[in-house]
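1. How does the following fold in three dimensions:
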Amino acid sequence: MPPPDETADTGTEQARRLNFNSVFGGLFVALSAVLLLIIPDQIEKPLIIFAANQNDLKPSLFPQLVAVGFGGLGIWLFFKSFSIRERNELRGLRLPAIVNISVTLLAMLLYGPLMVSVGFVVASALLIGFLSTFFGNRNYLLTAAIAVAVPVTMFFVFTKLLATYLPPFPIDTVLTRLYLL
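-> From the prediction side, this is the model:
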């Protein structure tokens with residue numbers, strides 16, 4: 001007798017073994033290949049090289065290692081998926097769950113271009129405020145405080161302590177000149 005979570009009426013043995021894990025394993029491998037192709041063009045080369053050392057690491061090395069690891073895990077998931085016997089619980093999602101996931105994905109897709117145009121602090125505050133309100137938070141004062149405090153703190157940590165670039169907003173530039181950020 002098959003385990004209770006295995007569906008016995010799915011057809012051939014191969015059809016039963018090919019599941020959503022197989023599909024995602026294949027997608028991860030394909031995404032890894034795309035990343036490996038575009039990484040060299042997406043990372044800027046240093047403008048000035050002061051000392052030519054043959055042991056220096058290239059800026060693209062770490063992203064390429066991550067892409068290779070991602071592809072390796074995709075290959076592992078693809079082959080491991082043939083021994084996994086489970087039902088696709090994604091088919092059982094109800095409409096509210098699908099709406100929540102869709103709205104969150106759409107907000108994240110809009111966050112990137114918004115961050116470039118209005119800056120990290122403002123875009124992050126808008127995203128935090130929108131998603132927390134969408135998911136049911138009705139304490140607007142607390143939402144506003146968190147939506148402002150978290151991005152400002154992150155902006156300070158990443159730009160000042162970690163010396164990383166984040167897209168500024170004009171007010172970010174003023175606050176930075178006044179040593180507030």
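
2. okay, CA-based contacts and neighbour counts for the rest of this
-> Will do.

3. Next up, identify which helix or strand L166 is on.
-> With elements delineated by DSSP states H and E, L166 resides in a region that no helix or strand encompasses.

4. what's it in contact with, if anything?
-> With contacts defined as Cα atoms under 8 Å, 6 or more residues apart in numbering, the neighbours of L166 are 119-120, 155, 158-159.

5. okay, it: pLDDT?
-> As summarised for this prediction, L166 has a pLDDT of 72.

6. Then Q54?
-> Listed pLDDT for Q54 reads 60.

7. for the one 4 residues further on, same thing?
-> Here the pLDDT value assigned to K58 is 77.

8. any idea how far the most centrally placed residue in the chain lies from M154?
-> With distances taken as Cα atoms, centre = their mean, the chain has M108 as the residue nearest its mean C-alpha position (8.8 Å). M108 sits at a distance of 18 Å from M154 (criterion: Cα to Cα, to the nearest Å).

9. hmm, who's touching the strand or helix carrying P40?
-> Mapping P40 onto the secondary structure by DSSP H and E places it in helix 20-42. With contact meaning Cα under 8 Å, 6+ apart, helix 20-42 is reached by 60, 63-64, 67-68, 70-79, 81-82, 88.

10. Give the next helix or strand downstream of that helix.
-> As the chain continues past helix 20-42, the following element, by DSSP H and E, is helix 61-80.

11. Give the rounded mean pLDDT of that following helix.
-> Averaged over helix 61-80, pLDDT sits at 92.

12. elements contacting that helix?
-> For helix 61-80, the elements it packs on are helix 20-42, judged by 3 or more Cα pairs under 8 Å, 6 or more residues apart in numbering; DSSP states H and E.

13. The helix it packs on vs helix 61-80, what angle?
-> Direction vectors for helix 20-42 and helix 61-80, defined by axes from the mean of the first three to the mean of the last three Cα atoms, to 10 degrees, enclose an angle of 160 degrees.
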